[in-house]
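# The following block contains a protein sequence and its predicted model.
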Amino acid sequence: MRAFSSHWQELANFVPKSKRGEMLSKGFDVAKRVSKAEDVSPVDEIDWNEYEAVLGKDVVGPMKAEYEATPVSNLDAEIESSVKASKEKMDALKAHVDEIDERTKPVKEAAAKQLEMLERSRTTENTTLEETMRRYPHIYKTVMQKIDDEDYNTVFPAIDEPAIRLATIKAKWDSAKDGKLTEDKLTEVVSDMDSYTIPKAQQYGDYTYADFTDEEKASVARAHESLGVELTDELIAEYESHPDPFSLTEAELAETDEGVLRQTMHNVVTGDGPIDRAILLHDRIQKLRETGQLVPNPDVVERIEQSLGDNSIIRMTEDEFEGKSAEELTKLSQEAAATDDYYRASMFLYEAKVLEGEIDPSVRGGESYSAICNMMMQMSDNLITVQETRKRPQFGFFF
């Protein structure tokens, strides 16, 4: 009992946590029994002579011989050996489990990375159409091809255009005016129709300022006048020289050097180019990186990053405007502009004009002074939101 109880604490370490308390409680009970047993005085040796004097040697002799012949085992040694054997088996089992755990570590790490990628890229009900098309380019390609083919409904079979054309010719043919519709005449009409070329879809740049209606030109002039910009022939030519903001050129799509693409994107942003092109270039870089086709160019990327510096903007709070008059806000705007802090300058000036009644903050859309100012404020707010969330805008138009 003493030998067994000395290993109880060690054995408890191999018991499941849910049963460990019960195991230790039983160990305490055993320890109490051991302590109680150790306090008991040993039994005296049997006095065989005393029993022989009373009962006689003929009676006590056989009992003594049987008692002395009874084998006595060392219980402490047996328990010690049993516990030792159990411990060795448990140690071997633990070593085997540790070996399995070590072998499965790479598998678990790979699974964790796959799960992280799945969580980041899985399509949910909040995934936008643009994001879905970007993630599944084959779907995008199929959809665009069907649009080009004017195949808008794939539930029904394709329209038999030749049959419809022949039926229409026969239905609309005026024999009194055009003569009898013979087979040769029908072939001639069909050949004549086939000779017509399908008008080419209008491309970006096909519709220029010269094609604008007088109303459209007047609208452009009013917008420039409200911004204080003179609409010259040179400015119009500059507008028309801009590439399509909603698609990349063949050269840009063929480029895989990160430095070239980053520099192109940087030039678009710093040159006040269409922000949509910058977004397209950003997405192109990300796609090439995900597919392993992007050629890294850390020198150029680092140079561009360093040239940007810290251009972060701290969003202004209501407390900075609270209780200030239009005059005070105008003065704060002028002070901010003097230090080139144009964000704060514009915010203070905007609030001043609202208090003075020159800007109606509820106006949305149109070409009024209030509408343009409100749009600029919304764009400023969108810029800070992009900076805070580190996520690019979904559409450059709303940037």
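Now that the structure is in, tell me what you want to look at.

# Figure out how far the longest helix along the chain is from the centre of its chain.
Counting residues, the longest helix found in the chain (DSSP state H) is helix 75-121. Taking C-alpha atoms, centre = their mean, to the nearest Å, one finds helix 75-121 lying 34 Å from the centre of the chain it belongs to.

# avg pLDDT for that helix?
Helix 75-121 carries an average pLDDT of 80.

# what's the answer for stretch 332-344, then?
The model assigns stretch 332-344 a mean pLDDT of 91.

# cool, stretch 355-362 as well?
Here the average pLDDT along stretch 355-362 is 91.

# end to end, how far does it reach?
Criterion C-alpha to C-alpha, to the nearest Å; first-to-last residue distance in stretch 355-362 is 13 Å.

# in the helix or strand containing residue 252, what's buried?
Using DSSP states H and E, residue 252 maps to helix 250-254. For helix 250-254, burial by neighbour count (16 or more other C-beta atoms under 10 Å) applies to residue 252. Backbone N, C-alpha and C define where each C-beta goes, glycine included.

# ok, and the closest non-adjacent residue to residue 337?
Of all residues beyond its chain neighbours, the one nearest residue 337 is residue 345 (4.0 Å), with distances taken as C-beta to C-beta, 6 or more residues apart in numbering.

# which ones are touching the one you found?
Residues in contact with residue 345 (C-beta atoms under 8 Å, 6 or more residues apart in numbering) are 333, 334, 336, 337.

# quick one, strands of the stretch 151-300 of the chain?
Assigned by DSSP state E, counting those that start in this stretch, the stretch 151-300 of the chain shows no strands.

# remind me which residues of the stretch 251-399 of the chain are low pLDDT?
Where the stretch 251-399 of the chain drops to pLDDT under 70, the residues are 392-399.

# Which parts of it are helices?
258-270, 275-290, 298-308, 326-338, 342-356, 369-389 (DSSP state H, counting those that start in this stretch).

# for these, which one sits closest to residue 197?
For residue 197, the closest of these is helix 275-290, at 31.4 Å, according to C-beta to C-beta.

# Can you report how many residues lie near residue 284?
Using other C-beta atoms under 10 Å, the number of residues around residue 284 comes to 19.

# would you list every one of the helices in the stretch 101-250 of the chain?
129-135, 137-148, 161-172, 175-178, 183-194, 214-227, 233-241, 250-254.

# need the contact list for the residue nearest to residue 139 when sequence neighbours are not counted.
In this structure, residue 139 finds its nearest non-sequential neighbour in residue 133, 6.8 Å apart by C-beta to C-beta, 6+ apart. Contacts for residue 133 (C-beta under 8 Å, 6+ apart) come out as 139, 140, 143.

# Mind giving me the packing neighbours of the longest helix of the chain?
In terms of contacts (3 or more C-beta pairs under 8 Å, 6 or more residues apart in numbering; DSSP states H and E), helix 75-121 is packed against helix 2-5, helix 8-12.

# Can I get the contacts of residue 345 in JSON lines including distance to residue 24 and neighbour count?
Shown next, in JSON lines, are the contacts of residue 345 (distance: C-beta to C-beta, whole Å; neighbours: other C-beta atoms under 10 Å):
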{"residue": "333", "distance to residue 24": "74", "neighbour count": "22"}
{"residue": "334", "distance to residue 24": "77", "neighbour count": "12"}
{"residue": "336", "distance to residue 24": "70", "neighbour count": "18"}
{"residue": "337", "distance to residue 24": "75", "neighbour count": "15"}
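
# re earlier: can you tell me what sits against the helix holding residue 252?
Residues outside helix 250-254 that contact it (C-beta under 8 Å, 6+ apart): 261, 264, 281, 284.

# let's see 10 Å
Applying C-beta atoms under 10 Å, 6 or more residues apart in numbering, the contact partners of helix 250-254 are 243, 247, 248, 260, 261, 264, 265, 277, 280, 281, 284.

# Also stretch 302-321?
By C-beta under 10 Å, 6+ apart, stretch 302-321 touches 259, 262-263, 265-266, 269-270, 297, 328-329, 332, 341, 343-344, 347-348, 350-352, 354-355, 380-381, 383-385, 387-388.

# I'd like to know which of the residues you listed are buried.
Buried among the contacts of stretch 302-321 by 16+ other C-beta under 10 Å: 259, 262-263, 265-266, 297, 329, 332, 344, 347-348, 350-352, 354-355, 380.
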